[in-house]
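>>> Structure, please.
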Amino acid sequence: MKVLLVSSSGGHLTQLMCLKPWWAEHERMWVTFDTTDAVSKLEGEDVVWAHHPTTRNLTNLARNTRLARRTLDRFRPDVVISTGAGVAVPFFWLARGYSAATIYLEVFDRIDSPTLTGRLCRPRTDLFLTQWPEQQEFYPSSVLLGQVWA
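Here you go, the predicted model:
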């Protein structure tokens, strides 16, 4: 299986790293930001560097949409998985056109309200996972995975 892992750097990337027992078994490619922590965590991995900031930045949304199309064309993943944030949106919205399944894991630290990225990706998500029972109130058809943290 070919897995495309998409996230912001920092805590979002850390949460995807916690899923290593699963993703280590698959051919994979990463999409994140070119930051010190991401470069060190992903040393030796196949990485595409995305454009940031993404929060309400239309220029970078357009740039990341072009990047998503190029990356999906080149890698042709079977599944796209993300923990957010904004960089995930264009990948999720384009993934269906490439017959890729999508899995979204809502972040660990947002319990009392849904994230903007979660709300934007939800319509294009095949499997929406939450880490807290309280998050299921905002995402009724989600699956409670439980806490994913190092």
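>>> could you point out which element follows the biggest helix by length in the chain?
In the chain, assigned by DSSP state H, the helix with the most residues is helix 58-75. From helix 58-75 onward toward the C-terminus, using DSSP states H and E, the following helix or strand is strand 79-84.
>>> Nearest the geometric middle of the chain, what residue?
Residue closest to the mean C-alpha point of the chain, counted by CA atoms, centre = their mean, is S82 at 1.8 Å.
>>> re earlier: got the angle between the longest helix of the chain and strand 79-84?
Angle of helix 58-75 versus strand 79-84, following axes from the mean of the first three to the mean of the last three CA atoms, to 10 degrees, is 150 degrees.
>>> what distance separates helix 58-75 from the centre of its chain?
14 Å (CA atoms, centre = their mean, to the nearest Å).
>>> Who are the packing partners of it?
Counting contacts by 3 or more CB pairs under 8 Å, 6 or more residues apart in numbering; DSSP states H and E, helix 58-75 packs against strand 2-7, strand 27-33, strand 47-50, helix 88-95. The way it works is simple: take the backbone N, C-alpha and C, and place the C-beta from them, glycine included.
>>> before we move on, the earlier item: mind listing what the residue nearest to the centre of the chain touches?
5-7, 12, 16, 88, 91-92, 102-105, 121 (CB atoms under 8 Å, 6 or more residues apart in numbering).
>>> Many thanks, I have nothing further to ask.
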